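> Pasted the sequence and its predicted model underneath.
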Amino acid sequence: MCVAVPAKIVSISGEEAMVDFGGLFRTISLLFTPEAQVEDYVIVHAGYAISLLTEEEALETISLLDKLEQK
Amino acid sequence: MNLMAKYKDPSLFRYIIKNMSDLSVQPLTFMEFCGTHTQAIFKHSIRKLLPKNIKMLSGPGCPVCVTDQKEIDHSIALSHLQGVIIATFGDFLKVPGSDGSNLQKARAQGADIRVVYSPLDAIQIAQKNKEKKVIFLGIGFETTAPIVAASILKAVKENISNYYVFSMHKLTPPATKAILNLGEIKLDGILGPGHVSTIIGSLAWEFLPSIYNMPFAISGFEAIDILKGLESLLKQCIDKKPQVINTYSRSVKPEGNTRAINTMFEVFYEDVAHWRGLGAIPNSGLSIKSSYREFDAKHQFDIEIPDSKVLYSYGCQCHEVIRGLIEPPECRYYKNICTPDNPLGACMVSSEGACSAYYLYSYE
Ligand code: SF4
(Lines give C-alpha, C1' and ligand atoms only; values in the text may rest on other atoms or scores of the structure.)
Protein backbone atom coordinates (compact mmCIF):
# COMPACT_ATOMS: atom_id res chain seq x y z
CA MET A 1 0.00 0.00 0.00
CA CYS A 2 2.89 2.33 0.58
CA VAL A 3 4.17 1.56 -2.90
CA ALA A 4 5.57 4.75 -4.32
CA VAL A 5 7.76 5.03 -7.36
CA PRO A 6 10.20 7.58 -8.73
CA ALA A 7 9.14 9.61 -11.74
CA LYS A 8 10.66 12.47 -13.68
CA ILE A 9 8.78 15.76 -14.04
CA VAL A 10 8.15 16.62 -17.68
CA SER A 11 6.05 19.78 -17.29
CA ILE A 12 4.37 21.79 -14.55
CA SER A 13 1.09 23.66 -14.65
CA GLY A 14 0.10 25.29 -11.38
CA GLU A 15 -0.06 22.65 -8.67
CA GLU A 16 -0.08 19.81 -11.18
CA ALA A 17 2.70 18.15 -13.10
CA MET A 18 3.01 15.69 -15.95
CA VAL A 19 5.48 13.00 -14.92
CA ASP A 20 7.23 10.16 -16.71
CA PHE A 21 7.34 6.79 -14.97
CA GLY A 22 9.85 5.35 -17.45
CA GLY A 23 7.55 5.68 -20.46
CA LEU A 24 4.19 5.88 -18.71
CA PHE A 25 2.92 9.44 -18.37
CA ARG A 26 0.50 10.70 -15.75
CA THR A 27 -0.68 13.92 -14.19
CA ILE A 28 0.10 14.15 -10.48
CA SER A 29 -0.20 16.77 -7.76
CA LEU A 30 2.80 18.71 -6.44
CA LEU A 31 0.90 19.91 -3.35
CA PHE A 32 3.45 18.35 -0.99
CA THR A 33 6.56 19.22 -3.02
CA PRO A 34 5.89 22.73 -4.40
CA GLU A 35 9.63 23.34 -4.81
CA ALA A 36 9.91 20.62 -7.50
CA GLN A 37 11.07 21.76 -10.94
CA VAL A 38 10.90 20.29 -14.44
CA GLU A 39 13.55 17.51 -14.81
CA ASP A 40 13.47 16.76 -11.07
CA TYR A 41 12.75 13.25 -9.83
CA VAL A 42 9.90 12.85 -7.36
CA ILE A 43 8.55 9.83 -5.47
CA VAL A 44 4.87 9.40 -6.34
CA HIS A 45 2.20 7.70 -4.23
CA ALA A 46 -1.50 7.61 -5.16
CA GLY A 47 -1.28 10.59 -7.50
CA TYR A 48 0.84 12.85 -5.26
CA ALA A 49 4.57 13.53 -5.14
CA ILE A 50 5.54 12.76 -1.54
CA SER A 51 9.20 13.69 -1.85
CA LEU A 52 11.63 15.37 -4.12
CA LEU A 53 14.55 12.99 -4.70
CA THR A 54 17.70 14.84 -3.94
CA GLU A 55 20.09 13.97 -6.70
CA GLU A 56 23.15 14.63 -4.55
CA GLU A 57 21.92 12.12 -1.97
CA ALA A 58 21.15 9.57 -4.65
CA LEU A 59 24.51 10.10 -6.30
CA GLU A 60 26.24 9.97 -2.95
CA THR A 61 24.70 6.56 -2.24
CA ILE A 62 25.76 5.43 -5.69
CA SER A 63 29.31 6.62 -5.22
CA LEU A 64 29.43 4.74 -1.90
CA LEU A 65 28.24 1.70 -3.77
CA ASP A 66 30.89 2.28 -6.42
CA LYS A 67 33.56 2.38 -3.75
CA LEU A 68 32.29 -0.90 -2.34
CA GLU A 69 32.43 -2.40 -5.79
CA GLN A 70 36.06 -1.43 -6.31
CA LYS A 71 37.21 -2.99 -3.04
CA MET B 1 21.23 9.72 -16.01
CA ASN B 2 19.71 6.49 -14.90
CA LEU B 3 19.54 7.13 -11.23
CA MET B 4 17.93 3.84 -10.33
CA ALA B 5 19.92 1.31 -12.40
CA LYS B 6 22.72 1.05 -9.86
CA TYR B 7 20.25 0.05 -7.16
CA LYS B 8 19.44 -3.12 -9.07
CA ASP B 9 23.02 -4.27 -9.69
CA PRO B 10 23.35 -8.00 -8.72
CA SER B 11 27.11 -7.87 -8.18
CA LEU B 12 26.61 -5.22 -5.50
CA PHE B 13 23.86 -7.32 -4.05
CA ARG B 14 26.26 -10.26 -3.64
CA TYR B 15 28.98 -8.00 -2.32
CA ILE B 16 26.83 -6.66 0.53
CA ILE B 17 25.64 -10.16 1.43
CA LYS B 18 29.22 -11.41 1.57
CA ASN B 19 30.11 -8.47 3.76
CA MET B 20 27.24 -9.35 6.10
CA SER B 21 28.29 -13.02 6.24
CA ASP B 22 31.79 -11.92 7.26
CA LEU B 23 30.30 -9.76 10.00
CA SER B 24 27.66 -12.10 11.37
CA VAL B 25 28.04 -13.45 14.85
CA GLN B 26 25.18 -14.58 17.04
CA PRO B 27 21.72 -15.48 15.63
CA LEU B 28 19.66 -12.32 15.06
CA THR B 29 16.00 -11.67 14.26
CA PHE B 30 14.99 -8.58 12.32
CA MET B 31 11.45 -7.49 11.49
CA GLU B 32 10.43 -5.48 8.47
CA PHE B 33 7.48 -3.33 9.49
CA CYS B 34 6.28 -2.42 6.03
CA GLY B 35 4.24 -4.62 3.70
CA THR B 36 5.90 -3.11 0.65
CA HIS B 37 9.20 -4.29 2.13
CA THR B 38 7.71 -7.74 2.73
CA GLN B 39 6.77 -7.98 -0.91
CA ALA B 40 10.20 -6.75 -2.09
CA ILE B 41 12.06 -9.06 0.30
CA PHE B 42 10.25 -12.10 -1.10
CA LYS B 43 10.47 -10.91 -4.68
CA HIS B 44 14.25 -10.57 -4.45
CA SER B 45 14.61 -13.83 -2.41
CA ILE B 46 16.39 -11.84 0.29
CA ARG B 47 15.33 -14.19 3.09
CA LYS B 48 16.99 -17.09 1.28
CA LEU B 49 20.16 -15.19 0.44
CA LEU B 50 20.85 -13.70 3.87
CA PRO B 51 23.47 -15.32 6.12
CA LYS B 52 21.89 -18.28 7.92
CA ASN B 53 21.97 -16.67 11.33
CA ILE B 54 19.79 -13.73 10.27
CA LYS B 55 16.09 -14.44 10.49
CA MET B 56 13.47 -12.09 9.04
CA LEU B 57 9.93 -11.67 10.32
CA SER B 58 7.14 -9.68 8.69
CA GLY B 59 5.42 -7.11 10.88
CA PRO B 60 2.01 -5.39 10.95
CA GLY B 61 2.72 -3.13 7.96
CA CYS B 62 0.17 -4.40 5.48
CA PRO B 63 -2.79 -2.00 5.86
CA VAL B 64 -5.37 -4.42 4.46
CA CYS B 65 -4.12 -7.18 6.79
CA VAL B 66 -4.40 -5.10 9.97
CA THR B 67 -7.82 -3.62 9.20
CA ASP B 68 -10.23 -4.65 11.91
CA GLN B 69 -12.98 -7.13 11.02
CA LYS B 70 -15.66 -4.68 12.11
CA GLU B 71 -14.34 -2.03 9.71
CA ILE B 72 -14.36 -4.53 6.87
CA ASP B 73 -17.96 -5.45 7.70
CA HIS B 74 -18.81 -1.74 7.86
CA SER B 75 -17.25 -1.13 4.41
CA ILE B 76 -19.24 -3.96 2.87
CA ALA B 77 -22.45 -2.70 4.53
CA LEU B 78 -21.83 0.80 3.10
CA SER B 79 -21.59 -0.69 -0.38
CA HIS B 80 -25.14 -2.06 -0.09
CA LEU B 81 -26.72 1.35 0.63
CA GLN B 82 -28.98 2.79 -2.05
CA GLY B 83 -27.49 5.55 -4.21
CA VAL B 84 -23.93 4.95 -3.06
CA ILE B 85 -20.74 4.45 -5.08
CA ILE B 86 -17.78 2.96 -3.23
CA ALA B 87 -14.32 4.01 -4.40
CA THR B 88 -11.47 1.89 -3.09
CA PHE B 89 -7.92 0.74 -3.68
CA GLY B 90 -7.99 -2.66 -5.38
CA ASP B 91 -6.34 -4.52 -2.47
CA PHE B 92 -9.51 -4.27 -0.46
CA LEU B 93 -11.92 -6.01 -2.84
CA LYS B 94 -11.45 -9.58 -1.71
CA VAL B 95 -11.00 -9.10 2.03
CA PRO B 96 -13.52 -11.42 3.68
CA GLY B 97 -16.27 -9.99 5.86
CA SER B 98 -17.24 -12.00 8.93
CA ASP B 99 -20.17 -13.58 7.04
CA GLY B 100 -17.93 -14.70 4.17
CA SER B 101 -18.96 -11.86 1.85
CA ASN B 102 -16.58 -9.30 0.37
CA LEU B 103 -16.74 -6.19 -1.80
CA GLN B 104 -16.25 -8.20 -4.96
CA LYS B 105 -19.26 -10.36 -4.13
CA ALA B 106 -21.22 -7.24 -3.21
CA ARG B 107 -20.42 -5.88 -6.66
CA ALA B 108 -21.71 -9.07 -8.26
CA GLN B 109 -24.92 -8.49 -6.28
CA GLY B 110 -25.27 -5.03 -7.81
CA ALA B 111 -23.30 -2.71 -5.54
CA ASP B 112 -21.46 0.06 -7.44
CA ILE B 113 -17.81 -0.37 -6.49
CA ARG B 114 -14.99 1.34 -8.38
CA VAL B 115 -11.30 0.63 -8.00
CA VAL B 116 -9.24 3.82 -8.01
CA TYR B 117 -5.53 4.65 -8.05
CA SER B 118 -5.95 7.86 -6.07
CA PRO B 119 -8.64 9.57 -3.97
CA LEU B 120 -8.48 12.24 -6.69
CA ASP B 121 -10.14 9.70 -8.99
CA ALA B 122 -12.88 9.29 -6.38
CA ILE B 123 -13.40 13.07 -6.39
CA GLN B 124 -13.83 12.95 -10.16
CA ILE B 125 -16.38 10.16 -9.83
CA ALA B 126 -18.28 12.37 -7.36
CA GLN B 127 -18.21 15.29 -9.80
CA LYS B 128 -19.55 13.13 -12.62
CA ASN B 129 -22.25 11.46 -10.52
CA LYS B 130 -23.84 14.33 -8.58
CA GLU B 131 -27.00 12.34 -7.81
CA LYS B 132 -24.91 9.64 -6.08
CA LYS B 133 -22.97 9.62 -2.82
CA VAL B 134 -19.35 8.61 -3.36
CA ILE B 135 -17.60 7.01 -0.39
CA PHE B 136 -13.84 6.55 -0.50
CA LEU B 137 -12.58 3.72 1.72
CA GLY B 138 -9.58 5.28 3.45
CA ILE B 139 -7.08 2.61 4.34
CA GLY B 140 -3.36 3.02 4.67
CA PHE B 141 -0.71 4.51 6.90
CA GLU B 142 0.95 7.93 7.09
CA THR B 143 2.00 7.64 3.43
CA THR B 144 -1.60 7.63 2.26
CA ALA B 145 -3.45 9.65 4.92
CA PRO B 146 -2.16 13.11 3.81
CA ILE B 147 -3.39 12.37 0.29
CA VAL B 148 -6.82 11.41 1.55
CA ALA B 149 -6.84 14.57 3.70
CA ALA B 150 -5.96 16.58 0.59
CA SER B 151 -8.93 15.05 -1.23
CA ILE B 152 -11.28 16.31 1.50
CA LEU B 153 -9.74 19.78 1.28
CA LYS B 154 -10.21 19.68 -2.48
CA ALA B 155 -13.86 18.75 -1.99
CA VAL B 156 -14.24 21.77 0.33
CA LYS B 157 -12.54 24.09 -2.15
CA GLU B 158 -14.55 22.88 -5.12
CA ASN B 159 -17.85 22.69 -3.26
CA ILE B 160 -18.30 18.97 -3.79
CA SER B 161 -20.97 17.85 -1.38
CA ASN B 162 -21.41 14.20 -2.41
CA TYR B 163 -17.91 12.99 -1.42
CA TYR B 164 -17.28 11.08 1.83
CA VAL B 165 -14.35 9.27 3.42
CA PHE B 166 -14.61 6.21 5.63
CA SER B 167 -11.36 6.62 7.55
CA MET B 168 -9.62 3.46 8.68
CA HIS B 169 -6.17 5.07 8.57
CA LYS B 170 -3.57 3.86 11.00
CA LEU B 171 -0.31 5.18 12.39
CA THR B 172 2.85 3.11 12.41
CA PRO B 173 4.91 4.17 15.46
CA PRO B 174 2.13 3.21 17.95
CA ALA B 175 1.81 -0.25 16.33
CA THR B 176 5.56 -0.75 16.53
CA LYS B 177 5.41 0.13 20.23
CA ALA B 178 2.49 -2.27 20.70
CA ILE B 179 4.43 -5.19 19.17
CA LEU B 180 7.40 -4.46 21.42
CA ASN B 181 5.24 -3.96 24.51
CA LEU B 182 3.58 -7.33 23.92
CA GLY B 183 7.03 -8.89 24.26
CA GLU B 184 5.94 -12.07 22.48
CA ILE B 185 8.85 -12.15 20.07
CA LYS B 186 12.47 -11.27 20.60
CA LEU B 187 13.65 -8.76 18.03
CA ASP B 188 17.19 -7.52 17.45
CA GLY B 189 16.33 -4.77 15.01
CA ILE B 190 13.60 -3.23 12.89
CA LEU B 191 13.81 -2.31 9.21
CA GLY B 192 12.04 1.05 9.03
CA PRO B 193 9.39 1.87 6.42
CA GLY B 194 10.82 4.16 3.74
CA HIS B 195 7.69 5.89 2.55
CA VAL B 196 5.96 6.27 5.91
CA SER B 197 9.24 7.84 7.07
CA THR B 198 9.30 10.09 4.00
CA ILE B 199 6.18 11.67 5.52
CA ILE B 200 6.82 11.48 9.28
CA GLY B 201 10.63 11.87 9.17
CA SER B 202 13.42 9.84 10.72
CA LEU B 203 13.21 11.79 14.01
CA ALA B 204 9.78 10.25 14.68
CA TRP B 205 11.51 6.92 15.38
CA GLU B 206 14.04 8.09 17.98
CA PHE B 207 12.00 6.42 20.72
CA LEU B 208 13.08 3.00 19.45
CA PRO B 209 16.77 3.22 20.34
CA SER B 210 16.23 5.57 23.28
CA ILE B 211 13.35 3.80 25.06
CA TYR B 212 13.43 0.26 23.67
CA ASN B 213 17.16 -0.02 22.97
CA MET B 214 16.13 -1.21 19.52
CA PRO B 215 18.30 -0.77 16.40
CA PHE B 216 16.34 0.81 13.56
CA ALA B 217 17.34 1.38 9.94
CA ILE B 218 15.08 3.17 7.49
CA SER B 219 15.39 1.69 4.04
CA GLY B 220 14.19 2.17 0.48
CA PHE B 221 12.63 -0.55 -1.63
CA GLU B 222 15.22 -1.66 -4.17
CA ALA B 223 17.09 -4.88 -3.30
CA ILE B 224 20.27 -2.91 -2.58
CA ASP B 225 18.37 -0.48 -0.35
CA ILE B 226 16.95 -3.30 1.74
CA LEU B 227 20.33 -4.98 2.10
CA LYS B 228 21.96 -1.72 3.13
CA GLY B 229 19.26 -1.32 5.79
CA LEU B 230 19.81 -4.85 7.07
CA GLU B 231 23.57 -4.39 7.04
CA SER B 232 23.12 -1.28 9.17
CA LEU B 233 21.00 -3.25 11.68
CA LEU B 234 23.68 -5.93 11.81
CA LYS B 235 26.41 -3.37 12.47
CA GLN B 236 24.34 -1.70 15.18
CA CYS B 237 23.91 -5.10 16.87
CA ILE B 238 27.62 -5.87 16.70
CA ASP B 239 28.58 -2.44 18.02
CA LYS B 240 25.78 -2.66 20.61
CA LYS B 241 24.81 0.90 19.65
CA PRO B 242 21.13 1.09 18.73
CA GLN B 243 20.35 4.17 16.65
CA VAL B 244 18.03 5.45 13.98
CA ILE B 245 20.03 5.09 10.77
CA ASN B 246 18.50 6.54 7.63
CA THR B 247 19.74 4.56 4.62
CA TYR B 248 17.06 6.11 2.39
CA SER B 249 18.19 9.71 2.73
CA ARG B 250 17.46 10.38 -0.95
CA SER B 251 13.80 10.51 0.07
CA VAL B 252 13.61 10.67 3.89
CA LYS B 253 14.46 13.87 5.76
CA PRO B 254 14.84 14.08 9.55
CA GLU B 255 11.67 16.21 9.84
CA GLY B 256 9.77 14.38 7.07
CA ASN B 257 7.44 16.20 4.70
CA THR B 258 5.97 18.91 6.92
CA ARG B 259 3.44 20.03 4.32
CA ALA B 260 2.02 16.52 4.14
CA ILE B 261 1.97 16.23 7.95
CA ASN B 262 0.17 19.58 8.28
CA THR B 263 -2.39 18.59 5.67
CA MET B 264 -3.01 15.29 7.47
CA PHE B 265 -3.59 17.01 10.82
CA GLU B 266 -5.71 19.76 9.31
CA VAL B 267 -8.35 17.11 8.57
CA PHE B 268 -7.65 14.21 10.95
CA TYR B 269 -6.95 13.81 14.66
CA GLU B 270 -5.28 10.92 16.44
CA ASP B 271 -7.81 8.49 17.80
CA VAL B 272 -7.98 4.99 19.21
CA ALA B 273 -7.87 2.38 16.43
CA HIS B 274 -8.58 -1.32 16.38
CA TRP B 275 -5.95 -3.50 14.71
CA ARG B 276 -6.39 -7.08 13.65
CA GLY B 277 -4.02 -9.04 15.82
CA LEU B 278 -3.13 -6.15 18.11
CA GLY B 279 -6.53 -4.98 19.36
CA ALA B 280 -7.32 -1.41 20.40
CA ILE B 281 -4.29 0.89 20.50
CA PRO B 282 -4.74 4.48 21.77
CA ASN B 283 -3.79 7.27 19.35
CA SER B 284 -2.93 4.79 16.61
CA GLY B 285 -5.60 5.78 14.09
CA LEU B 286 -6.87 8.86 12.31
CA SER B 287 -10.48 10.09 12.59
CA ILE B 288 -11.97 13.04 10.75
CA LYS B 289 -12.22 16.26 12.80
CA SER B 290 -15.68 17.59 13.57
CA SER B 291 -15.00 20.62 11.36
CA TYR B 292 -15.00 18.23 8.37
CA ARG B 293 -17.83 16.05 9.66
CA GLU B 294 -19.92 16.52 6.52
CA PHE B 295 -17.33 14.40 4.68
CA ASP B 296 -17.12 11.73 7.37
CA ALA B 297 -18.87 8.53 6.25
CA LYS B 298 -18.96 7.29 9.87
CA HIS B 299 -21.24 10.22 10.75
CA GLN B 300 -23.19 10.65 7.54
CA PHE B 301 -24.38 7.06 7.11
CA ASP B 302 -26.23 5.48 9.94
CA ILE B 303 -24.94 1.93 10.11
CA GLU B 304 -24.65 -0.22 13.20
CA ILE B 305 -22.26 -3.13 12.86
CA PRO B 306 -22.44 -5.78 15.55
CA ASP B 307 -19.14 -6.95 17.03
CA SER B 308 -18.07 -9.97 15.03
CA LYS B 309 -19.41 -13.02 16.80
CA VAL B 310 -16.53 -15.12 15.63
CA LEU B 311 -13.55 -12.94 16.33
CA TYR B 312 -11.16 -14.84 14.08
CA SER B 313 -13.42 -16.24 11.42
CA TYR B 314 -12.71 -19.60 9.82
CA GLY B 315 -9.78 -20.31 12.13
CA CYS B 316 -7.62 -18.02 9.98
CA GLN B 317 -4.45 -17.23 11.90
CA CYS B 318 -3.71 -13.86 10.33
CA HIS B 319 -3.76 -12.27 13.77
CA GLU B 320 -0.77 -14.44 14.73
CA VAL B 321 1.02 -13.94 11.41
CA ILE B 322 0.79 -10.17 11.92
CA ARG B 323 2.44 -10.41 15.34
CA GLY B 324 5.27 -12.58 13.95
CA LEU B 325 4.16 -15.54 16.12
CA ILE B 326 3.73 -18.00 13.27
CA GLU B 327 4.94 -18.23 9.70
CA PRO B 328 2.18 -18.72 7.10
CA PRO B 329 2.94 -22.43 6.33
CA GLU B 330 2.21 -23.16 9.99
CA CYS B 331 -1.44 -22.28 9.35
CA ARG B 332 -3.42 -25.40 8.52
CA TYR B 333 -5.30 -23.70 5.68
CA TYR B 334 -2.24 -22.29 3.95
CA LYS B 335 -2.08 -23.37 0.31
CA ASN B 336 -4.67 -26.16 0.57
CA ILE B 337 -7.83 -24.15 1.23
CA CYS B 338 -6.45 -20.63 1.41
CA THR B 339 -4.86 -19.24 -1.78
CA PRO B 340 -4.73 -15.76 -3.36
CA ASP B 341 -7.64 -16.77 -5.64
CA ASN B 342 -9.68 -17.96 -2.72
CA PRO B 343 -8.33 -16.13 0.33
CA LEU B 344 -9.67 -17.03 3.76
CA GLY B 345 -7.92 -14.18 5.49
CA ALA B 346 -6.65 -10.67 4.80
CA CYS B 347 -2.97 -11.76 4.86
CA MET B 348 -3.62 -13.86 1.75
CA VAL B 349 -5.64 -11.13 -0.01
CA SER B 350 -3.18 -8.29 -0.16
CA SER B 351 -0.04 -8.83 -2.21
CA GLU B 352 1.73 -7.29 0.80
CA GLY B 353 0.44 -9.86 3.24
CA ALA B 354 2.95 -12.42 4.49
CA CYS B 355 0.72 -15.37 3.47
CA SER B 356 0.39 -14.05 -0.07
CA ALA B 357 4.12 -13.31 -0.34
CA TYR B 358 4.97 -16.84 0.83
CA TYR B 359 2.53 -18.28 -1.69
CA LEU B 360 3.44 -16.15 -4.70
CA TYR B 361 7.18 -16.56 -4.31
CA SER B 362 6.86 -20.20 -3.10
CA TYR B 363 8.94 -19.62 -0.06
CA GLU B 364 8.96 -22.65 2.18
S1 SF4 C 1 -2.91 -18.87 5.21
FE2 SF4 C 1 -4.95 -17.96 4.96
S3 SF4 C 1 -6.13 -18.75 6.68
FE4 SF4 C 1 -3.98 -19.08 7.16
S5 SF4 C 1 -3.34 -17.26 8.32
FE6 SF4 C 1 -2.87 -16.86 6.19
S7 SF4 C 1 -4.68 -15.78 5.42
FE8 SF4 C 1 -5.31 -16.77 7.34
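All right, it came through fine.
> for the host helix or strand of B:Met56, which positions count as buried?
If you go by DSSP states H and E, B:Met56 is part of strand B:54-61. Using 16 or more other Cβ atoms under 10 Å in any protein chain shown as the burial criterion, the residues of strand B:54-61 that qualify are B:54, B:56-61. Glycine gets a C-beta too; all of them are placed from N, C-alpha and C.
> For these, name the two members farthest from one another.
B:Ile54 and B:Pro60 (20.6 Å; Cβ to Cβ).
> and B:Phe216, bridged to which residues?
B:Ile190, B:Val244 (DSSP bridges).
> tell me how far the strand ranked longest in chain B is from the chain's mean position?
Longest strand in chain B, counting residues (DSSP state E): strand B:279-288. Taking the mean of its C-alpha atoms, strand B:279-288 sits 14 Å from the chain's own mean (Cα atoms, centre = their mean, to the nearest Å).
> Strands along the stretch 1-150 of chain B, start to end?
Per DSSP state E, counting those that start in this stretch, the stretch 1-150 of chain B carries strands over the ranges B:28-34, B:54-61, B:84-88, B:112-115, B:133-138.
> Indicate which one of these is closest to the ligand.
Smallest distance to the ligand across the strands of the stretch 1-150 of chain B (Cβ to the nearest ligand atom): 11.4 Å, for strand B:54-61.
> for the closest one, packing partners?
strand B:28-34, helix B:35-43, helix B:172-182, helix B:318-322 (3 or more Cβ pairs under 8 Å, 6 or more residues apart in numbering or on different chains; DSSP states H and E).
> Tell me which strands it pairs with, and in which orientation.
Partners of strand B:54-61 in its sheet, by DSSP bridges: strand B:28-34 (parallel).
> Now the partner strand: buried residues?
Quick answer for strand B:28-34 (16+ other Cβ under 10 Å): B:28, B:30-34.
> need the helices for chain A, in chain order.
Using DSSP state H, the helices of chain A run over A:55-70.
> which intervals of chain A have sub-threshold pLDDT?
Low-confidence segments of chain A (pLDDT under 70): A:1, A:55-71.
> does the strand holding B:Met56 come close to the ligand?
No - figure legend: strand B:54-61 not in contact with the ligand (Cβ under 6 Å from any ligand atom); closest approach 11.4 Å.
> What degree of burial does B:Lys128 show, as a neighbour count?
B:Lys128: 10 surrounding residues under other Cβ atoms under 10 Å in any protein chain shown.
> Switch the strands of the stretch 1-150 of chain B over to TSV; also include mean pLDDT.
Shown next, in TSV, are the strands of the stretch 1-150 of chain B (pLDDT from 0 to 100):
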stretch	mean pLDDT
strand B:28-34	94
strand B:54-61	90
strand B:84-88	97
strand B:112-115	97
strand B:133-138	97
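> Same list, these, but as JSON lines with distance to B:Glu320 please.
Shown next, in JSON lines, are the strands of the stretch 1-150 of chain B (distance: least, Cβ to Cβ, whole Å):
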{"stretch": "strand B:28-34", "distance to B:Glu320": "14"}
{"stretch": "strand B:54-61", "distance to B:Glu320": "12"}
{"stretch": "strand B:84-88", "distance to B:Glu320": "27"}
{"stretch": "strand B:112-115", "distance to B:Glu320": "30"}
{"stretch": "strand B:133-138", "distance to B:Glu320": "26"}
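> Which of the ones you listed sits closest to B:Lys240?
Of all those, strand B:28-34 comes closest under Cβ to Cβ, at 12.4 Å.
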